[in-house]
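Student: need coordinates for the following:
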Amino acid sequence: MSCAGTVTPEELAGMAEKCVRKGNIGVAFTYNEPLVGYEFVRDTAKLVHEKGLKNVLVTNGTAETGILEEILPYIDAMNIDLKGFTDRYYEKVLGGSRRMVMDFIERAVKGCHVELTTLIVPGENDSEDEIRGMSRWIAGLTDAEGRVIGKTIPLHISRFFPRFHMTDRDATEVRKVYRLAEVARENLEYVYTGNC
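Tutor: As a prediction, the model looks like this:
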């Protein structure tokens, strides 16, 4: 192992391989935002693939598609946070770009299995119109051959609990999560609820 609690791509890929006998199938890059250190993800995922194992990426999708092009050949599946479907929410609350995330998702679905997650925050992204618009957009996504596959992309709609910088609001009502899942099912085949 490296010093100071760090691990190299070679060490992590080696650990994943050693754990195969315990049922391990690969590595999941998750918690915090793994693309902050995308070079580590890229280098490790390549080595993991060379060992015949799988790679999963859990990300907020806030990265240029050039970065995605570097890692996508080594990623087998992604769960991408689509945090809302308005520019106001992305820009004013999250400090990000909805278009960047949408571009990331559009490219990712052409290269690997993708699932999407939306955390429903009361008063921010919880309208039926927003979820309806989001699910329509997802339903129109296409694979690398141009076939429309969006209706079969899983969407996870999750309940919010007050934490960190958003302690000034209540948890999302369970019935609201269930209702928004029903709305999303107007356009998508696989909609799941979480944290309820």
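Student: the residue nearest to the spatial centre of the chain in helix, strand or coil?
Tutor: The centre of the chain sits closest to I80, judged by Cα atoms, centre = their mean, with a distance of 1.3 Å. Classification of I80 using DSSP: H, G, I helix; E, B strand; the rest coil returns strand.
Student: likewise F104?
Tutor: helix.
Student: burial count for it?
Tutor: 25 (other Cβ atoms under 10 Å). (Each C-beta comes from the backbone N, C-alpha and C, glycine too.)
Student: give the contact list for it.
Tutor: Contacts for F104 (Cβ atoms under 8 Å, 6 or more residues apart in numbering) come out as 61-63, 65, 68, 80.
Student: which segments of this protein make up each domain?
Tutor: As assigned by automatic domain parsing, the chain contains the domains 1-54, 76-194.
Student: listing partners with orientation, what would you give for the longest strand seen in the chain?
Tutor: In the chain, assigned by DSSP state E, the strand with the most residues is strand 113-120. As defined by DSSP bridges, the strand partners of strand 113-120 come to strand 77-81 (parallel), strand 155-159 (parallel).
Student: how about these in a markdown table, adding distance to T193 and mean pLDDT?
Tutor: Putting the strands paired with strand 113-120 into a markdown table (distance: least, Cβ to Cβ, whole Å; pLDDT from 0 to 100) gives the following:
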| stretch | distance to T193 | mean pLDDT |
| --- | --- | --- |
| strand 77-81 | 15 | 98 |
| strand 155-159 | 6 | 98 |
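Student: and the helices in the protein, which stretches?
Tutor: In the chain, the helices defined using DSSP state H lie at 9-18, 38-50, 65-71, 87-88, 98-108, 128-139, 174-184.
Student: would you turn the ones you listed into JSON lines with mean pLDDT and distance to V27?
Tutor: JSON lines is the format used below for the helices of the chain (pLDDT from 0 to 100; distance: least, Cβ to Cβ, whole Å):
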{"stretch": "helix 9-18", "mean pLDDT": "97", "distance to V27": "5"}
{"stretch": "helix 38-50", "mean pLDDT": "97", "distance to V27": "5"}
{"stretch": "helix 65-71", "mean pLDDT": "96", "distance to V27": "12"}
{"stretch": "helix 87-88", "mean pLDDT": "97", "distance to V27": "34"}
{"stretch": "helix 98-108", "mean pLDDT": "98", "distance to V27": "18"}
{"stretch": "helix 128-139", "mean pLDDT": "98", "distance to V27": "27"}
{"stretch": "helix 174-184", "mean pLDDT": "98", "distance to V27": "30"}
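Student: and V191, which of those helices is closest to it?
Tutor: When these are compared by Cβ to Cβ, helix 174-184 sits nearest V191, at 4.5 Å.
Student: quick one: E186 from E115, how far?
Tutor: According to Cβ to Cβ, to the nearest Å, E186 stands 19 Å off from E115.
Student: the more surrounded of these two?
Tutor: Neighbour count, other Cβ under 10 Å: between E186 and E115, E115 has more, with 16 against 13.
Student: if any of the contacts of F104 are buried, give me the PyMOL selection for them.
Tutor: Buried residues among these (16 or more other Cβ atoms under 10 Å), as a PyMOL selection:
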select buried, resi 61+62+63+68+80
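Student: no further queries at this time; thank you.
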